[in-house]
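> 3D, please:
(one chain, ligands or ions: 1)
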Amino acid sequence: MSEVSRIAIVGASLAGLRTAEFLRRGGFDGKLVLIGDEEHLPYDRPPLSKEVLRGEWEPDRLALRRKSYDELELDLRLGRRAVSLDTIAREVHLEGGESVGFDGLAIATGGRVRKLPNQPELAGLFTLRTLDDALTIRDALKKASRVAVIGAGFIGAEVAASARQLGLEVVMIEALHTPLAQSLGSRLGYILQQVHERRGVEVHCGRRVTAFLGKDRIEGLMLDDGTDLPCDLVVVGVGVEPAVSWLGGSGIELDDGVRCDATCRSSVPGVFAAGDVANWYNPLFEERMRVEHWTNAFEQARHVAASLLAGPGEAKPFESVPMFWSDQFDIKIQGVGRPRATDELIITGGTAEEEKFVALYGRAGRLVGAVTFNQPPKIIKLRRLIGERGGLEAAAEIAES
Ligand SMILES: Cc1cc2nc3c(=O)[nH]c(=O)nc-3n(C[C@H](O)[C@H](O)[C@H](O)COP(=O)(O)OP(=O)(O)OC[C@H]3O[C@@H](n4cnc5c(N)ncnc54)[C@H](O)[C@@H]3O)c2cc1C
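Numbering: from 1, shown residues only. Predicted structure coming up:
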């Protein structure tokens, strides 16, 4: 057991709150400070692009903790931004001049939305990361008639689906040749494009936005092939970057997020990272990764809590099979592993036309990833198989069962 008696956690969302909860569950009875720059109590983000945008859920359904916060005996600092970290004095500095000392620190600051280089400030032009963003877009959707979504990654595609489900005209623009080409490869990307097109979304792939039209308010977009797309609401969904600007000059090594070893420890002893901000070496895949999905934030928080409580040299590697889900229209997409566009791809257990199938990704005969469309029960078995370094043949048996 470690000797830490003061733990600070920066970032009060999924990874930060779960780290606090797992620390208490693991027997930590020292001082615990949770610092977050949003005013809201920790809430869940996945419904923001789905039920919240469609007006089906109110914010009170998003609470990440249903039990009382008193039980956690937390010093909870909401609406407080960490502006710098002193790894020698072991203090987090907050906006306004206050400092929080620590023996152990968990960095869980997640990601901030990226903007396009030519993106202006115009009414009707939005990005989506926070509850406040989602509520603003939800209100704007009520007055909109033609919505454009820039970026057909998971969030962009979910926003496009939600807007279409609200009965609006929707156009989705993607710079790559298909939606999700980078994460799932172009074959699956094209299947997803067809899912959207069949439901009335106009999809433009392989195109960039060269101009945002309108003086004070968005009126349209110009694409690089000269296409002029009139619209009255735009959501830019071109990804996130890890929220690490406050760590500049701290001595914490950064490399597309907080660079961690296999145990999720940063370059500074006693300082760990969890969730969207953590870039760690995953021994299972023998590569570094940073994963921007819910399940990773949850599981990595549990791991970091255990690592903070472990004695010197006792922390274990975080050998994890990444997992995600995405709900678009009536399609539940689930994925596990680490697929690459260059992997061998087998589609089985159904067909793309039925919009119900299992896609298996193989590398040298080993199963490295799987994606299911409307086949929820199979994904857990496939995840386990990837964790056991199983082969494609065994995966095909599961997919076809
Ligand atoms: C709209 C949306 C839909 C999603 N849908 C899905 C889905 O369907 N399936 C799925 O698997 N995943 C989904 N995700 C991803 C999932 O929500 C994230 O992986 C998860 O929220 C990561 O949690 P986190 O705690 O690491 O980071 P975050 O949730 O980003 O939280 C980080 C927190 O730290 C705060 N912070 C940042 N910098 C500072 C600072 N300097 N000082 C203090 N506080 C700071 C931030 O404001 C934020 O509150 C979705 C995400 C979004 C935005």
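
> contacts, neighbours, all on C-alpha from now
Noted.

> what's the pLDDT at the residue sitting nearest the centre point of the chain?
Centroid-nearest residue in the chain, with CA atoms, centre = their mean: Glu292, separated by 3.1 Å. At Glu292, the model reports a pLDDT of 97.

> Tell me the secondary structure at it.
coil (DSSP: H, G, I helix; E, B strand; the rest coil).

> Return the residues of this protein in contact with the ligand.
10-16, 35-38, 45-46, 48-49, 80-83, 108-111, 128-129, 155, 243, 246, 275-276, 292-295, 297, 324-326 (CA under 6 Å from any ligand atom).

> Can you list which of those are found in helices?
Using DSSP state H to define helices, the subset of those located there is Leu14, Ala15, Gly16, Ile155, Trp294, Thr295, Ala297.

> For the stretch 151-300 of the chain, just list every one of the helices.
With DSSP state H, counting those that start in this stretch as the criterion, the stretch 151-300 of the chain has helices at 154-165, 181-184, 186-198, 294-309.

> Now do the first one against helix 186-198, angle only.
An angle of 20 degrees separates the directions of helix 154-165 and helix 186-198 when computed by axes from the mean of the first three to the mean of the last three CA atoms, to 10 degrees.

> Output helix 154-165 as PDB - backbone C-alpha positions only.
Output of helix 154-165 as PDB, limited to C-alpha atoms (Å, rounded to 0.1, in the frame of the first residue of the first chain):
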ATOM      1  CA  PHE A 154     -18.900   9.300 -34.400                       C
ATOM      2  CA  ILE A 155     -20.100  12.600 -33.000                       C
ATOM      3  CA  GLY A 156     -20.800  14.300 -36.300                       C
ATOM      4  CA  ALA A 157     -22.600  11.200 -37.600                       C
ATOM      5  CA  GLU A 158     -24.700  11.000 -34.400                       C
ATOM      6  CA  VAL A 159     -25.600  14.700 -34.600                       C
ATOM      7  CA  ALA A 160     -26.600  14.300 -38.300                       C
ATOM      8  CA  ALA A 161     -28.800  11.300 -37.300                       C
ATOM      9  CA  SER A 162     -30.400  13.100 -34.500                       C
ATOM     10  CA  ALA A 163     -31.200  16.200 -36.600                       C
ATOM     11  CA  ARG A 164     -32.600  14.000 -39.300                       C
ATOM     12  CA  GLN A 165     -34.800  12.200 -36.700                       C
END
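
> same for that helix, what does it pack against?
Using 3 or more CA pairs under 8 Å, 6 or more residues apart in numbering; DSSP states H and E as the contact test, the elements touching helix 154-165 are strand 146-150, strand 169-174, strand 233-236, strand 323-328.

> cool, and the longest one?
With contacts defined as 3+ CA pairs under 8 Å, 6+ apart, helix 294-309 has these neighbours: helix 14-25, strand 271-273, strand 323-328.

> Any idea which of these gets closest to Lys316?
Of all the helices and strands packed on helix 294-309, it is strand 271-273 that lies closest to Lys316, at 12.6 Å by CA to CA.

> just so I have it, where are all the helices in the stretch 301-401 of the chain?
Counting by DSSP H, counting those that start in this stretch, the helices of the stretch 301-401 of the chain are 376-387, 392-400.

> Put together a markdown table for these, with mean neighbour count on each row.
As requested, those are exported to a markdown table (neighbours: other CA atoms under 10 Å):
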| stretch | mean neighbour count |
| --- | --- |
| helix 376-387 | 18 |
| helix 392-400 | 18 |
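
> picking that back up, how about the nearest residue to the residue nearest to the centre of the chain, chain neighbours excluded?
Asp276 (4.7 Å; CA to CA, 6 or more residues apart in numbering).

> tally of neighbours for the one you found?
27 (other CA atoms under 10 Å).

> from memory it sits against Thr295, does it?
No - here Asp276 lies out of contact with Thr295, judged by CA atoms under 8 Å, at a distance of 10.5 Å.

> The residue nearest to the centre of the chain touches Ala274, doesn't it?
No - between Glu292 and Ala274 there is no contact under CA under 8 Å: 10.7 Å.

> what do those two both touch?
Taking CA atoms under 8 Å, 6 or more residues apart in numbering as the criterion, Glu292 and Ala274 do not both touch any residue.

> sorry, back to before: and the helices of the stretch 151-300 of the chain, which is most packed in?
Counting by mean count of other CA atoms under 10 Å, helix 154-165 has the highest mean neighbour count of the helices of the stretch 151-300 of the chain, with a mean of 25.

> where does the chain have low pLDDT?
Applying pLDDT under 70 to the chain flags the ranges 1-2.

> Go again with 90.
Flagging of the chain using pLDDT under 90 yields the residue ranges 1-3, 182-183, 311-313, 341, 376-377.

> and it, what are its domains?
Segmentation of the chain into domains, based on automatic domain parsing, reads 6-112+241-309, 115-238, 330-400.

> Where do the strands of the stretch 201-350 of the chain begin and end?
With DSSP state E, counting those that start in this stretch, the ranges of strands along the stretch 201-350 of the chain come out as 202-205, 209-213, 220-223, 228-230, 233-236, 240-242, 258-259, 271-273, 278-282, 287-289, 323-328, 331-337, 344-351.
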